[in-house]
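# Whatever this is, show me its structure:
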Amino acid sequence: MESKIANVVRKIPLSGIRVMLQKAAEYDNCISLGIGEPDFDTPKEICNQALKDALNGATHYTQSQGDPELVKEIQRYLNERLSEDFSPQQIVVTTGGVGGLTSFFRAVLEPGDEVLIPEPYFPPYRHHIEWVGGKVIEVRTHFKDDFVPSPEDIEEAITPSTKVLLLNSPHNPTGAVIPSAILDKIAKIAVERDLLVLSDEVYERLLFDGQIHESIRTRPGMNERTVVVHSFSKSFAMTGWRIGYAFGPEWVIGPMTKVVSSYTSCAPSVSQRAAVAALRLGSEIIDSMTEEFCARRDQVFEDLKQLPGVKVFKPAGTFYLFPDINKITGDSLKFALDLLEKQQVVVVPGDTFGPSGKGCVRIALTVNRELLTEAMKRIRAFIKDIS
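Numbers count the residues shown, from 1 in each chain. Presented below is the predicted three-dimensional model:
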């Protein structure tokens, strides 16, 4: 009977992230540095307001584009962040950031269209592209460049079938942030080669060391060819609420809204009310969470630098580190499985995210500093034992 399952679904492997988490469930006293989810609970102010709104009847369908009040709050938020006025028609509320990916690719891709993705990358990107008949073209990046994509490599990968370039900055799984000068060069290529750009910016508030978020959308000629995906999951610790949004030119947001209408009808109404409350909070909650992730990054970065056979760069954002363990072993899957078995610490094999991640592992800083200290102690003992 399995042959009756669509081939495009059958050939998708179980995510390496989920594989590690399933195996971790077999152990007691496990420290998981595997899942990309803040360990902070959603702020009580958000939960209380969402509950109040639900009790007052906000439990019905909303417009497919989103609750008008939320759309208005997103307009205000974007105006404050980007100093730019957006029309409601330039915004669509989605079921998580993933809903933005889904609706974009369903709106713009024809079978055979190519999408360039610098890798390593978030694995579901490929799935959403292939489910609508698109073709993923991977663009290699390198540890020596902190996994920042090369404009020259992007341009070399373009063919007559290339339609979209997907960028992710701040970046999962590496924590890299694309520098301004590189964004300028990539934007110039996108305009000259007539590419659409999907910019996944769900970690836009999680930046360190005084970095200011920059989007390729603001470059000359990019406004009319770029869609940006934002999410409440990471910055507001709202992963389970499954709420996000996309913004861009009306000519593509309109068709994306049609996809949302047919695909999910609308984002969850109670989650949309929570999103309204989140956007009305002051920045203090986000800032304090970002400061904590920065402190964790500094702690683990210094620990990793001391480990024999490990190379690591200091990420500029997100809550990930992506150390290179090639001097210990090029088999990051075996490293991760053995570490779990012998020391009960979960990390994710780097090649889960593409060939450029081979010989690396992703460490998520999503436990408190005390547990991070214990996890690094166990990793240190594990590397000593196998060296």
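
# May I see the buried residues of stretch 378-387?
Of the residues in stretch 378-387, those buried by neighbour count under the rule 16 or more other Cβ atoms under 10 Å are Arg378, Ile379, Arg380, Phe382, Ile383. (Glycine included, C-beta is placed from N, CA and C.)

# With distance to Glu370, secondary structure and pLDDT as added columns, please give the residues you listed in JSON lines.
As requested, the buried residues of stretch 378-387 are exported to JSON lines (distance: Cβ to Cβ, whole Å; DSSP: H, G, I helix; E, B strand; the rest coil; pLDDT from 0 to 100):
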{"residue": "Arg378", "distance to Glu370": "13", "secondary structure": "helix", "pLDDT": "98"}
{"residue": "Ile379", "distance to Glu370": "15", "secondary structure": "helix", "pLDDT": "98"}
{"residue": "Arg380", "distance to Glu370": "16", "secondary structure": "helix", "pLDDT": "98"}
{"residue": "Phe382", "distance to Glu370": "19", "secondary structure": "helix", "pLDDT": "98"}
{"residue": "Ile383", "distance to Glu370": "21", "secondary structure": "helix", "pLDDT": "97"}
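
# Tell me the one of these nearest Ile216?
Ile379 (35.8 Å; Cβ to Cβ).

# Against Asp338, how distant is that closest one?
According to Cβ to Cβ, to the nearest Å, Ile379 stands 11 Å off from Asp338.

# and the chain, what are its domains?
2-42+284-386, 44-280 (automatic domain parsing).

# Over to the last one now: how far is its first residue from its last?
Between the opening and closing residues of domain 44-280 there is a gap of 13 Å (Cα to Cα, to the nearest Å).

# how about the buried residues of stretch 378-387, which pair is most distant?
Arg378 and Ile383 (9.9 Å).

# Mind listing the shared neighbours of these two?
With contacts defined as Cβ atoms under 8 Å, 6 or more residues apart in numbering, no residue is shared by Arg378 and Ile383.

# so who does Phe301 touch?
Val312, Lys314, Leu321.

# what do you get for Leu337?
Taking Cβ under 8 Å, 6+ apart as the definition, contacts of Leu337 comprise Lys23.

# Could you report the pLDDT at it?
The model reports Leu337 with a pLDDT of 94.

# now Val229
pLDDT, Val229: 98.

# Can you name the residues bridging to it?
Asp200, Ala246 (DSSP bridges).

# Leu279 versus Ser83, what's the distance?
17 Å.

# And Gly317, by the same measure?
21 Å.

# out of the two, which sits in the more crowded spot?
Neighbours were counted for Gly317 and for Leu279 using other Cβ atoms under 10 Å; Gly317 has more, 26 against 17.

# residue contacts, the more buried one?
Contacts for Gly317 (Cβ under 8 Å, 6+ apart) come out as Ser169, Pro170, His171, Gly175, Ala176, Val177, Tyr203, Leu206, Leu207, Phe208, Gln211.

# ok, 7 Å please
Contacts for Gly317 (Cβ atoms under 7 Å, 6 or more residues apart in numbering) come out as Pro170, Gly175, Val177, Tyr203, Leu206, Leu207, Phe208, Gln211.
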